[in-house]
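Trainee: No sequence on hand, only this structure:
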């Protein structure tokens, strides 16, 4: 197919040098399994496996209900199509990417990279959808090795693109998971399919006309949808580029580039030169969340759990709990006392109470009933958390560091017999510094599966197979086992 | 379905007053067939009919090839689904909206409103897709009356939203057809389906996370795709809002509103107050294009046609043609001599030569062969067009008016016998001031159908029926006749 539209307005601009675009295109087309490096690839297995689990959990969320109805509307009676854990639908690659991307981010339980949002949910779901061998266009199964390679590349593109878009992009109101994510999805799919430079550049150019997602929709089901829309954009741009559909082939360069438009004067072009250098999965690394709650609360949960476990504290032994957290950490945690499960995710006092009462914070902690239990209500009266400048001595006002990762949290528990116990936590379980063990990941995976209605025994088998991703001959054959029963 | 996602970042912001959103939502939910006014509704029949024709022509373009392959990828074997002129596919409402929206804009032959882009292609295709009775969700046929009412409303929302986004939005690099268009599509579908205020507001909020489309993709097939993406966004946002999926319900108000983000300091909130006032279809009105070429060339074509017809000039009688056009009109018309059909659309000299040689400029004027005909090559040597300040005496440098609509064009023809003929044109056929007659529209419709491979006799029958849109009981029953033959 040749280009044929009549408006050539910016034809002149497309003659601009395309150095940034070239760097990105080269990274996508020229990277190999070997060039990625084994430690980088090894590190990528964990977020892949974790994200599959989180997708399953999403099925049990209200986003899962919406996406299920969406899938049915897109099905038109066919029962065959790209993999999604929604039962009894057969959908196109684009729809699968959209559904699974939204499911992955539905509980904010998917992984996170400091300052870059949530890459894995977008990149993985785009790849799984685009490369599903059940679709007529795909002749061969997606091997674990191939998935790993393309995912790893896309993950890095996500993080570097988020930085290239710059901080003003986020401050202005865009959701980087969605905007940077769409380019990452496109890069990953283009790489997995072995596109040449031209197809890759055009797919990226087309993606530039599909990036959006605004923070004003945070706090609603549209936030996770951003992840799905980004994955879908990647699949669509690649599919159209593949059949010869045209777009600008140097969209990151020249006047009114997509980075000018969305970077608003604070784009960082040096990120393109960093592609192929230190991989984002190694530095800054990725946090696979241990608790399905706002990340700024994780350290308070962790400190409370540590104390309760170490001293085997029962709720009735506790006179008071005082938490001290860096300035800024409570900004969005205004839900005390929480009235619903969702509000519970934004009440640090509730989360501390959960840690005392249940010795855990998990997916079932956020039903409306769980939040309103009498024991919890009683505990909440004894819990207080405040922001303190001394919790971040090197940056008291948090001008240069995040309240979720800078400084530390201290939890002080006074027992009914007058004992004072103190726990200081810099990095919670799940953080880059204190990663989940494979056992911890396995527990999370199975919890997610149960929450989504998937047989836990089957989920454990799939988890064990996915751990050895490099030797999986057909990823989708495994994933097809992960569909809820009856 | 209830909201359930964990990030409540902007919850505080959603408590902001929602006056602009309220005005828009009220317009969508409270407008009636009667409140639109009969002259406004009457005026809307023409762009509807014209846009159906242009969609058919799009099938014959290279965009049509891409969209055909796209439709096949989204079909998964089903043969039933929403209407699209692509043969042998059954697609969801979203996919139909995307395909037909891209087809409508594929040749830049769809209508245009000064400063607001191309509303009809987006609004009509979203409505036709969302309300197709072939889809399980729709119980009753879409009547012509209902289509007319919802289209008219969406058209007005498009134009006022384009203005609300402001001029900086366009100058920054966004394609208003796509951004404003998505909100217009959502408004039209929400209105057609009779949504309440809450569903309407949420659908508009979700749409705000789906607006994009950048001018850097002008001159490629992604430009028409913008029109399809906007139509698809409207259908998707409505479908999800309908099943209880959540989004911000006051996205046009408060801090970091979608207008702040995309208006970049030049939003015009007064446009919301104008909803329900003078309708855009009446003022500034809509131009239904007579020639499938860049709009700045239309007056030069018209002047040449007028002279050649009036004096029955043959090519061999012409010694020279001198065109004088307002400053700015040639900025994007740098393709002389044109080497391809596409370049021909951007060569005013070629278009003048066509008018002399063929006494018409039509869809078949833009094959590569047509451009390179010997007679044309010979004529091109005798044609010269220049920008002149005197062509726009009230605004010589075009600081306040468009080179396509401000001032006038003069064409001077000198014949081989020394006669000098002059024609001055302010408004070409198809403009608001000199609208196409129904006969002219019928000719265009049939030409479009032929170009798209649709039987011209059937096309003429459908055209005649659509002219009386108010009394059509089932619009889709008519449209189903418009699918190309074997």
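Mentor: Done, it's in. Here the structure is a predicted model, which means the values were calculated and not measured.

Trainee: Could I get the contacting residues of residue A:109?
Mentor: Counting by C-beta atoms under 8 Å, 6 or more residues apart in numbering or on different chains, residue A:109 touches A:54, A:57, A:289, A:292, A:363, A:448. C-beta coordinates here come from the backbone N, C-alpha and C atoms, glycine included.

Trainee: now do 10 Å
Mentor: A:50-51, A:53-55, A:57-58, A:61, A:118, A:121, A:288-293, A:363, A:444, A:447-448, A:451, B:6 (C-beta atoms under 10 Å, 6 or more residues apart in numbering or on different chains).

Trainee: per-residue confidence for it?
Mentor: Looking at residue A:109, its pLDDT stands at 90.

Trainee: What of residue A:49?
Mentor: If you check residue A:49, the pLDDT there is 89.

Trainee: nearest residue to it other than its sequence neighbours?
Mentor: Nearest non-adjacent residue to residue A:49, counting by C-beta to C-beta, 6 or more residues apart in numbering or on different chains: residue A:466, 4.6 Å away.

Trainee: do the same with residue A:213
Mentor: residue A:178 (2.9 Å).

Trainee: correct me, but that neighbour touches residue A:229?
Mentor: Yes. Between residue A:178 and residue A:229 there is a contact under C-beta atoms under 10 Å: 6.2 Å.

Trainee: For the two, list the residues in contact with both.
Mentor: Common neighbours of residue A:178 and residue A:229 (criterion: C-beta under 10 Å, 6+ apart): A:101, A:122, A:210, A:211, A:212, A:213, B:209, B:210.

Trainee: Now do the SS call for residue A:424.
Mentor: When classified by DSSP: H, G, I helix; E, B strand; the rest coil, residue A:424 comes out as strand.

Trainee: nope, residue A:55 is what I meant
Mentor: Quick answer, by three-state DSSP: residue A:55 is helix.

Trainee: do you know how far it is from chain B?
Mentor: 15 Å (C-beta to the nearest C-beta, to the nearest Å).

Trainee: And the pLDDT for the spatially most central residue of chain A?
Mentor: The geometric centre of chain A, computed from its C-alpha atoms, lies nearest to residue A:118 (C-alpha atoms, centre = their mean), at 3.0 Å. According to the prediction, residue A:118 has pLDDT 94.

Trainee: Run through the residues that contact it.
Mentor: Contacts of residue A:118 (C-beta under 10 Å, 6+ apart): A:51, A:54, A:101, A:104-105, A:108-112, A:158, A:175-178, A:181, A:224, A:226-227, A:230, A:286, A:289.

Trainee: 7 Å - rerun?
Mentor: Contact analysis of residue A:118 by C-beta atoms under 7 Å, 6 or more residues apart in numbering or on different chains lists A:105, A:110, A:111, A:112, A:177, A:227.

Trainee: and what of residue A:280?
Mentor: Counting by C-beta under 7 Å, 6+ apart, the residues that residue A:280 touches are A:113, A:155, A:156, A:159, A:160.

Trainee: what do you get for residue A:354?
Mentor: Residue A:354 neighbours (C-beta under 7 Å, 6+ apart): A:361, A:365.

Trainee: Torsion angles phi and psi at it?
Mentor: Here is the backbone geometry of residue A:354 (degrees, to the nearest 10): phi -60, psi -40.

Trainee: Kindly report the same for the one 5 residues further on.
Mentor: The phi and psi values for residue A:359, taken as degrees, to the nearest 10, are phi 60, psi 30.

Trainee: What about the spatially closest residue to residue A:175 that is not a sequence neighbour, how many residues nearby?
Mentor: Among residues not flanking residue A:175 along the chain, residue A:213 sits closest, at 4.1 Å (C-beta to C-beta, 6+ apart). Look at residue A:213: counted by other C-beta atoms under 10 Å in any protein chain shown, it has 27 neighbours.

Trainee: these two touch, right, residue A:213 and residue A:227?
Mentor: No. Assessed by C-beta atoms under 7 Å, residue A:213 is found out of contact with residue A:227, at 8.6 Å.

Trainee: quick one: common contacting residues for the two?
Mentor: Shared contacts of residue A:213 and residue A:227 (C-beta under 7 Å, 6+ apart): residue A:178.

Trainee: before we move on, back to that, by neighbours, which of the contacts of residue A:118 wins?
Mentor: residue A:105 (35 neighbours).

Trainee: phi, psi of the residue of the stretch 351-486 of chain A found nearest chain B?
Mentor: Of the stretch 351-486 of chain A, the residue with the smallest distance to chain B, taken as C-beta to the nearest C-beta, is residue A:366 at 8.3 Å. Phi and psi for residue A:366, reported as degrees, to the nearest 10, are phi -120, psi 30.

Trainee: mind checking how far the residue nearest to it when sequence neighbours are not counted is from residue B:116?
Mentor: By the measure of C-beta to C-beta, 6+ apart, the closest residue to residue A:366 outside its immediate chain neighbours is residue A:341, 3.7 Å from it. Applying C-beta to C-beta, to the nearest Å, the value for residue A:341 to residue B:116 is 45 Å.

Trainee: These two: which has the busier surroundings?
Mentor: residue B:116 (24 against 19).

Trainee: Look up phi and psi at the more buried one.
Mentor: phi -130, psi 0.

Trainee: does it really touch residue B:175, like I thought?
Mentor: No. Using C-beta under 7 Å as the test, residue B:116 is too far from residue B:175 to be in contact (11.5 Å).

Trainee: What does the pLDDT read for the closest residue to residue A:330 other than its chain neighbours?
Mentor: Spatial nearest neighbour of residue A:330, excluding adjacent residues (C-beta to C-beta, 6+ apart): residue A:387 at 5.4 Å. We have a pLDDT of 96 for residue A:387.

Trainee: what sits against the residue nearest to residue A:175?
Mentor: A:174, A:175, A:178, A:179, A:226, A:229, B:209 are the contacts of residue A:213 under C-beta under 7 Å, 6+ apart.
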